[in-house]
Structure formats: C-alpha cells, structure tokens
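Asker: the sequence and its predicted three-dimensional model are supplied below.
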Amino acid sequence: MTALHRLIRDPRLFWGGLFALTLALSLFAGDLAKDIGAKWVMKFPKPLELPLDKLISAAMKWLLEEAAIGPLSFHAVTRFISALIEAPYLAVRGLLVDGLQRGQGSYAVQILPPLSWIAVTTIFCLLAWRSGRRGLVGLVGACFLYLAVFGRWESAMATLASVLISVPMGVAGGVALGILAFRHPWAERAMRPVLDLMQTVPVFAYLVPILFMFGFGPTAALVATVIYAMPPMVRLTTLALREVPEEVAEAGRMAGCTRRQLLWKCLIPTAMPMLMVGVNQVIMLSLNMVIIASMIGAGGLGYDVLTALRKLDIGGGVEAGVAIVVMAIALDRLSQAEARRVPGTGRGGRLVWIGLAVILATSALGYVLPFVQTYPAGATLTTGTIWAQAIEWININLYDHIEAVKVAILIGLLLPVKGFFLGIPWAWGIVAMGLIGWRMAGWRLGLMALLMTGFIALTGFWPEAMITVYLCGVSVFVAMLIGVPLGIWAGQSDRANTVLSALIDTLQTLPSFVYLIPVVMLFRVGDFSAMIAVVAYSIVPAIRYAAHGIREIDPQMVEAGIVSGCTRRQILWRIKLPLALPSLIVGMNQTVMLALSMLVITALVGTRDLGQQVYMALTKANTGQGIVAGLCVAFIAIMVDRILTAAARGMERGEAGHG
Amino acid sequence: MTFLTKAPACLLAMLLATTAHAEVESTDPIKLTLHDWTGQLITTTIMGDVLKKAGYNVEYVQADYLAQFAGMRTGDLDVAMELWATTAKEALDEAVATGDVVNMGETGMKAIEEWWYPSYMEESCPGLPNWEALKDCAEAFSTPETAPKGRYLGGPVTWGGYDEERVEALGLDFEVVHAGTDAALFAELEAAYQRKDPIILWIYSPHWAPAKYEGKFVEFPAYSKECYEDPAVGLNPDMAYDCGKPSGPIYKAAWKGVDAKWPGAAKAIRAFTLTNEDMGAMVGAVDLDGKTVEDVAADWVAKNEAIWSAWIK
Amino acid sequence: MDRPVMLDCRGVWKLYGPNAETFLARHGAPTAETLRAAHLVGAVRAADVTIRKGEIFVIMGLSGSGKSTLVRCLSRLIEPSGGEVRFEGRDLLQMGEAELIDLRRKRMGMVFQHFALLPHLTVLQNAAFPLEVQGIDRKTREDRARAVIELVGLQGREGHYPRQLSGGQQQRVGIARSLIVEPDLWFLDEPFSALDPLIRREMQDELLRLQARLQKTIVFITHDFDEAIRLADRIAVMKDGAIVQTATPEELVLNPADAYVAEFTQHVARAKVVRLATIMAPLGAGPFAGDLPGQARVGDVADAVERADLPHRVLDEAGQPVGQVARQAVVDVLIGREVPR
C-alpha cells in the first residue's frame, strides 16, 4: 500500500512508470493478444460499438423532415433564418460585386453598376484617414491596389461582402452571449462546454447539417463562418466585462445608473480595448474560413485558390492566397486603429461627403471611361509561372537533400511514435488517460478523461484517434522546437519581433492550401507533408506566447540576475525560461488546438486520422459520422486543454510557492 | 463601351429578355450545380448556355459533388450535369430510389479510372502496360518509406476503388498510399514527372493530365461485376477484386420537379451528349492553355449549333 | 454634538463564504472562531456607526480591515449579510431598485481610490455623467459640469481625456463628478491613497477648502492615520472587520481603547490633535495676554501662548471664557509629557 502511495506521489515514479508500462504494452500487447487469439485487445469489438452516428443521422433526418414548432416546421424556421441572413448579404454583394439587378439567374439585368474599384479603395482609405494615421492610409491603399492590380478584385469583393456580414453577426452574437454569461452564472456554465465544442469540433463535421438546414450557397457558408468565428468573441466579452475595475462599475451605480445604463454606458466602453481584440479574432477566423466556405458555395477568393491549385497553378494559388492575407491585414489594422482612435478626435462629417462624391463621380465617369468602373484586365499583373518555376527548380536540384532529411525524420521520429500510439491497447488507453487526468487535477478531470477516451473507443474510431494523437503530438513537438526559440528571440529583440509578427500574420491567414501543394510536390503525399502543413499553421501561438512570456518578465528579475553575475546564457536558462514557463504551456495548449483544427485540412493530403473520417462524412453527406468523428477530435482537444491548463496552474502555484 | 452605346444595349437586353420569357414554361431560374473540376464546369456551362439560348433562366450554384443530392431532393438544386458511374453511382441510385431525384441519362462521356504510369517508366519496368509486369518490378516504384515494396498513389479514400484489395488479390508487391484530394494527386505527379522519378498512380479521364503527361493506363484483367462480388471469378480463386476498375458512363440527374416545371429544358438536358475527345480538348484548353471556362464553352456552342439546336427543338 | 443623524448603521455584518446569510440568521453574533469553523470570512463584523449631518467621519484601518467593505455596505454597493442601515431614518436595505437609484441620483456621491473615470469620455462628459444617466438635457448638464470643474480647479481642461491627466487631476475629475448632483452624503473611498505624498497633502487641503464651503456630510475612508487625524471630526478605527473605537482624534490620541489603537497614536504629534479646551486650567483672575478659542489645536496656537508671559483666556464655541492656558501646559504637550485629563 505504501509502495503504491509512493508511486503515485513521486512525480518521477508516476510518470516514468506510466510511460514504461504504456511502452511495454504498446510493444508486446499486440503480439501477445494475437498469440492467445484475443483480437479484442487491440481492436474494439464491433458488436459493442455504439451506433451513435446512425442515431444522429436519424435525429437529423427527423429534425429536417418532421420536427415542428407549433404549425411551423423546423425546416421552415431554418429557411426563414436563412432568408434573413441572405437579404443583407445580397445587398452588400450587390453594392460590391453585382450592382443593382432586376430579375434572377441569367435573366438578371444590371440596372446600376457596383461601386467602382476606385470608390471602394477610397472609402477604405478614408476610414484609415479618420483614425488620423497616415501610414495606415498607405497600407490600406496598397492592400486594395494589390487586389485590383493582381486581378482579384471581383473575387475579393465577394469575399469582402461575406466578411462584412459574418463579422458583425459574429461580433453581435458574441457580445450578446458574452453579456449573458457575464450576468448569469448559469448561462456561463451552460455555455462553456458548447463553446469548447464550437471551437474544437472541426468545421467539416457540422457543414453537412448546416447545408441541410440553411440550403446550399452563401448563407450556409455564412452560418458556418459565424459558428467558427464567434466563440472567442463570447469568451473575450465575458472576460473583458469581468476585468472592468470593480470601482468603475461602482462609480456607475453610485451615479444612479440602471442595469442597462451601467452595462452600455460604463462597462462596455471601458472594456472596449479588449472587446476589440475579440473583433480582431473574429475577422481573422472569418478569413480563415474563406476556403472552406468556398467549398460550399461562397465563391470569392477561396474559390480562386481552390481552382488554381486544382490546375496546379501555384502562382495563381499564391496570388489568391496573398489576396486573402492582404485583406485580413487591411481589415485588422483598420479595426485596431478604430479601437485606439481617441474618441471625438477623428475627422468626421466632411469625410462622408468626400466618400459620397467619389462614389458618384466614379460611377458616372465609369459609363464613359470603363477603367474607372472596373480595373482594366489588360493592366493586371501576375507572377505567372515564377512560383511554379521556383518549385520546379527546387524539385529538380535539391530534391535529393530534401529527401534525405525527410527520410531521416520519418524513420527517426514519425514512424516510431506512430508505432507507439497505434500499439496501445484501447482499454489501457482509457485507463492511462484517466490516470493522467486524475494525477493532474483530481478525480473530476480523471473521470472526464476516462469517459471521453471511453467514448472514442466506443465509437470505433480508436485507431484513427491514435493516428490523430500521433500526428498532432509530433507536429506540436516540432512546432514548439522551432517556435519557442523564435519566440524567445522575438521577445528579446524588437527588430526580430517586427519580422516575426509579419510572418505570424501571414501564416495565420494564408490558406494552408497554398502551401500544401508545393509541400506535396517536394515531400510526396504522406504523414511528413501533413506534419509540415500542421507545423506551419500551429507554430503561430508557440512563437507568440513564448515572446509574450519573455516580454512580460519583470525587468527587476533580470536585473537581479545581472547583479548576481549571471552570464547571458544563464539569464536565459535560469531566469527567463523558468519564469516564462506558464506562458509557454499556454502557448503549447493553443498550438495543440490549432494542430487539431488543421488535421482536418491535412486529410486533404491523405492522412488516415479522424480528420479524414470527418472529411469522408462530409463528402458522403453523412451527418452522424461527421459529428461523431468531430466529437472525438473535440474530446481529444478538450482533454489536452484541461490537462495542460492544470499543468500551467500547478506551475504558477509552484512558482508562487518558491518565490 | 461608352455610356451612349451601353445604355441602349441595356435597354435592348431588357427588351430581348422580356420577349424571350414568353416562350418558356417557367421563368424561375433553373439551378445547375457547379463542382470543382474543370470538365464538370465546362459540361455545365455548355448546358447552361444552351438552355439560355432556348430562353430559360439559368443560375449556377456551387455545391459539393456528393452533398448536392440532399439539395436536389428538396428542390434547392435542380440539375447536376456530371455524375460519374465510378464515383457517384451509389449515391445517385440511392437518391433516385427516394423518388425525389430523376436520372437524366448518360452524357455520352465515359469515365475511365485506372492505374497510370508515365512513359519513362517503361524503361525500368519493361512489359508495361500489361499489369503482370508490375509483379516483377515493384521495387522500381518504391520509395524509402515503402521499400522494397512499390508505392502506388491511390485517390482520396472517398473515391473508393478497392486498390488495397486489388493489390492483395493480384499478388502485387505494392503499398497503397492515398492522396487526400486530386490536387495532391496531380501535384505529386507533376513533381515526379519533373524529376523523371518513378511513380504510378490513380488517374481518371476525362482530365487534362493524360493529355499533358505522356503515359499509359495499366491494363488489368477486364472488370466484371462478378469479379468484384464473387471470389471464385477471376485469376485468384479465393479473392474478389482480382481485375481492373470499372469504367462507366457519366450520368446527369435532376430534381423530380424539373420535368413538370420546365418540360422543354428537361428534354434538352436528357438530350445533352458530348464525347470524351471533345471534353478532353476543352479541359486542356482551360487547364493547360489558360482560357476561361466561359470562353471555351461559348466557343463550343458557337461551333456546334447543329448539335445543340436539336436538343432544344 | 446634537446635529441630526444622517446615516445610522446598527450591527452590520458582511460574511463571505458558503451560505453566509443563513449562517448569520442562525448564529446571531458568531465569534471569529465559529466563523472560521464554518469557512466563512467576516469582512465586516457587528459594525455600529452613526454619522451626523455636516461632519467628516473617517473610517480608518489597514488593508484588509474591512473598511472598504463597510463603506460599500453603507452605500449598499454591497448587500450586507445582516444588520440595519438607515438613511435619514429610512431603511436603506429595504429599498427597491428604483428607490435606491433615485436616492443615489439625488443624495449620494462617491469618490474612488483609483478614480474610476470612464476612459471614453472627456473631463466634461465624465463630470456630467451622473446627470446624463438621469436624462438631463445636454446644455443643463454641461453648464453644471463646467461649474463643478471650476470648483475643483480644472477649468481649461474640459476637453481632455482621463489618460491625458495626472493622477491628482484625475481625482479632481472624480470629485467633480461626485459633487455634480450636490449630494448630501459624500463617500470618499481612499481618494488620495494612489497619489504622491505632496499631491496628497495638497488634495487634503483642497478637501478641507471644499468642505468649508459646501458643508457636506462626509464618510472618508483611509489607511493613513495622519490623514485621518488631519481631516476627521470623528474617527472609527477598524481591525479584522470590527470597529475598535469611534472617537474624536483627540480622544483617540489621549485615550486609545486598546493596544492596537495605541500603536497608531503613539507617534502622533500631540500638538496637532490636542485642543486648548482639553489642557486649559480653571479660569483665573487675569490678567491675560489675549483670547483663544477652545477648539484650537495646541500646535496652531503654541507660538502665541509661548511668546506671551501672561496666560491666555480660552473661549468656548459661544465665545464665553471657560478657562485659561499658560506656557507650561503648551510645552508639556509639545514635548510629549503625559497630559493630565
């Protein structure tokens, strides 16, 4: 009994023992089971699998075909919502892309043209000008000129139209739910798991039901985008309201504010900087969805990327991808500037008149000089085949070296890890996760981990889940290996920080498809290509949080190190890194989340993980399978999140204890 | 076009539109689905152009290849122009069985799907395209990850294809690696072709790839339904799938309401046919020569009035 | 001290922890031990405070003593767990939401330690905020805001935003905001604690100047005993949620209730606290060097008394001579000899 007690208490014994046992089981259990003919050890017995996917599909069918709220069928309700969303979307789209039209389909006749490219660019420049920053005007202007000059105008405006609808919807919904959670603890308790799922269930998983409910076309894409982009806004709203100093709320109450006045006149304005962080997140995530949205009929830049790559037109893909990045940067910087604008100092009314004048003038001129209305196709630039040639050159000249590195990593790292995870018998996997959860944060988390892992086994997705864990684990490992040093560098040098934040912005918004294809050309279809794509995307938080952790260190700590005679190296290893550790763990947590969300995309280069299951469900319109596999991904994400959060908390407590 | 010429043109267009409307059964737009491969876009655009010539109102909607059946069952979507027997037969049959979707017949094009290799591989693997050559030179197709087995790049898992079964049944020393999308499939082909590296992979036609790259389909024992279903049939007495992949027609399908709502259009859709050669050339014009789908389709419509005018008669 | 009572609070409790209200209802007056056993924290324990019209009542305590919680119970920013708070005889704790809002809009003002200004509003708008939420039209409220801004000496900065001001200036805005509704009861929660010492002193003078003019009833919270002594008519000293002693500064210095209060008072210069009326001797026959008010503090009049060879006559508030004070008594106070009472 005491031995067992020691085993549990001593961290080295516990973790070492757990790992050794798992490794041994992974190596030998399979063969052993085969010898004694117990196939169930490695493979969850089919008859015991839960037919959850079929139940969900049936429920969905019922919901769509029979369910009714009073006289209204559920289907009618969703279609009504769909029409509500579509109306403003079509209006904005008309303004930016189609112009004012009469009639439908090919009968449609354009009565008025859309805003000219000059007018749109001017309007956005005026918005930038309003913030009083000259540099921003140049940046925004350059971004929009890029869209015109590289011949992406029409697609970009289609994308802009959907962003202009989905972002306000996401922000408004997020703020409303955030306020609800702020005011009512029960609402927060109810919302937390839902938000967890919204953030971790892969979009592909709920695309099918959304298609069924909201019909094909842009509305479904908008709904999916809002679902995907809203959760951070909800969380940040609740957090921002909670972080408003108690005194400000008290000042409001003492001034005699009603509840409503208190919220809208005191709390929300005071929380505005943090709310704007949420807006920024919504914009970025909405633009992240552009590709997936285009798969279900949103068109726009995402569609350009997809079709270009289908033709292996790498240059076209890069140009369209960069157009998304450029748009993200313009919208992001504008929203940030708007948030930081000293209220009341802007230049107001006159700008509206200038804008209106430009719109009218360019529209009228457009009838005489078509290039004012539409950027002339003849004047567009293209990088043409430069990209394809560059890849071809690398492919022909450097392939052998690339191949050698790849094979080394594959054999040294990926394959052994894959073998390890695939070898774990499902029953032990459940127990081990339960133990880990229990050890990190008590029986509650242990039970949760036990149930969630059990769910995965029960659905029969065990091997896929293990491949997911393996690919995600390896990718996170590599991302941390590269990202943390970069982050530390950025945390210590302002110049590095400028360079890296541009890289981060690009990595975050450049659709992974753009680099997936060259990656496949250089590394072939397989786990290695998938890993590179996942690392490229999920490295962002690894860098960002490491830099943040280093920068947040109290300078006195470093000074204390200097006066104690530490070398630069010692300061880094003995002072900065230990202090930044909780931040690094949070970064790792975020890296895992992004890696998991990216696994669905890597299904497109042919991994055999849960992401592939979700993708297959999408193409077969199998609601149940998609949602069940999506839930498996979500459960993995939630377990990792809880365990790492517990680790970070434990560490901070530990630090406090020592300090 | 200046304002002076544009304005009358607009008016004229409006006038023409109103006169044309009178002839058709319903002025509601017929919704044709667009997918993400060029051939389908061309097929659909040609159909759309022809329907427009007949005075119908046409709208294109992007939809997923398989998810579109759900839309066609409710009437959200009206017509799908390319449903390959090789990839969508099951889904099509299932949708037709509900009674809400109607099979509008074949497009005249044949879908071919099979193992394909570039011509330069014939040197290292003499005997191709006969499949039995693969038995002896699997290693010529190997990569470090699969050696000594050969590496066969299969299509996305969603395409099915039974390649693992085929490899086992025919005793081929190959490992099947699945590409996730066809973009990845052709990216690998492009890269390997540039390096003249060994590769053997799943290719389908009509597609631009067989036109762009020199190579051949492997000749497996001919497909039969029995070969897939009955282990006893075929070379390997104990296993099914010991033969090549099926090739088959490409179908059209429509929402059941199309017949009643736009009978003339339904007739035209049923009558629509194209040949593999025409399609291959048009796909090449778009994907290799960089023309737009609209131009290529319009070109076909302009040159083949005799053909399509019969559809809408 | 027979001015009318403005705010009267009896046996106010504020407990934090599981089932605090029911626990208090069951136990009546729990001791520190029973609280600890029930995992409750007694932020305010059985506090009795009576605040009279026109006085500056200081609540003094170290951080964590419960003084901020108590003042929030008095203004009902926090719901007390038990006890009674009466504002001009009306039970504050029974008031409905609307009544309470009305009371705060018309009768109460509060100044906060960290200023609690709204970052998106200008100085003028911040000062006018309490009128804005009452729905008073822009012109009226901005005129009144200009008046209070001038009162606190910030004229010329009406268009500035809080972040453009120094801490002292920000707190002047906070004061202006709390005064715009012309409150009768004015809460100041450690208003000068976040300021530099020199500014703090200046602001204390400013407060005394304002009070001389406005004659508000003030509840002032501080952790600084010197500040308390400087400003207070009466002081309540708090420790661990309970009020240890309520008295005038002078009584506190001369008769600390326990060792804890004595801790604070022992280093206070007596001359700043002790009044002539306390050290005066029975009125003699004279002659006298002059007349001095009994309310005057020893330190303020020490020069005059010491310079004169003759004793001074001490007058009460009505101007009647009630005693005399001579050089020796003043010197005793100044050098800190035990003061006889």
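Answerer: Ah, there it is.

Asker: could you look up the SS state of C:Gly109?
Answerer: Each residue gets one of three states, and C:Gly109 gets strand by DSSP: H, G, I helix; E, B strand; the rest coil.

Asker: show me the contacts for whatever residue of the stretch 151-300 of chain A ends up closest to chain B.
Answerer: Closest to chain B within the stretch 151-300 of chain A is A:Gly297: 3.9 Å, counting by C-beta to the nearest C-beta. Any C-beta I mention is one placed from the backbone N, CA and C, and that applies to glycine too. By C-beta atoms under 8 Å, 6 or more residues apart in numbering or on different chains, A:Gly297 lies in contact with A:Phe216, A:Gly217, A:Pro218, A:Ala220, A:Ala221, B:Val61, B:Gln62, B:Ala63.

Asker: buried subset of those residues as a ChimeraX selection?
Answerer: Remark: buried members of these, expressed as a ChimeraX selection using 16 or more other C-beta atoms under 10 Å in any protein chain shown:
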select /A:216,217,218,220,221 /B:61,62,63
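
Asker: out of the contacts of A:Gly297, which sit inside helices?
Answerer: A:Pro218, A:Ala220, A:Ala221 (DSSP state H).

Asker: show me where the stretch 101-250 of chain C has its strands.
Answerer: Taking DSSP state E, counting those that start in this stretch as the test, the strands found in the stretch 101-250 of chain C are C:108-111, C:185-189, C:217-222, C:234-239, C:242-247.

Asker: burial measure for the residue nearest to C:Ala271 when sequence neighbours are not counted, as a count.
Answerer: Once flanking residues are discounted, C:Ala271 sits nearest to C:Gly299: 3.4 Å by C-beta to C-beta, 6 or more residues apart in numbering or on different chains. Using other C-beta atoms under 10 Å in any protein chain shown, the number of residues around C:Gly299 comes to 16.

Asker: C:Gly299 belongs to a helix?
Answerer: Yes: C:Gly299: assigned to a helix according to three-state DSSP.

Asker: tell me which helix or strand the nearest residue to A:Thr385 once chain neighbours are set aside sits in.
Answerer: In space, A:Thr385 comes closest to A:Gly315 once its chain neighbours are excluded; the distance is 6.0 Å by C-beta to C-beta, 6+ apart. A:Gly315 belongs to helix A:314-340 when assigned by DSSP states H and E.

Asker: A:Pro114 now?
Answerer: With DSSP H and E as the test, A:Pro114 turns up in no helix or strand.

Asker: which non-adjacent residue is nearest it?
Answerer: Counting by C-beta to C-beta, 6+ apart, A:Gly99 is the residue found nearest to A:Pro114 once chain neighbours are left out, at 4.4 Å.

Asker: near chain B, which residues of the stretch 351-500 of chain A?
Answerer: Applying C-beta under 8 Å from any C-beta of the partner chain, one finds that the stretch 351-500 of chain A approaches chain B through A:Tyr367, A:Val368, A:Pro370, A:Ile391, A:Glu392, A:Asn395, A:Ile396, A:Tyr399, A:Glu403, A:Val407, A:Leu410, A:Ile411.

Asker: ok, and the most crowded of these?
Answerer: That'd be A:Ile391 among those, by other C-beta under 10 Å, with 22 neighbours.

Asker: touching, that one and A:Met521? I think so.
Answerer: Yes: counting by C-beta atoms under 8 Å, A:Met521 is a contact partner of A:Ile391 at 5.9 Å.
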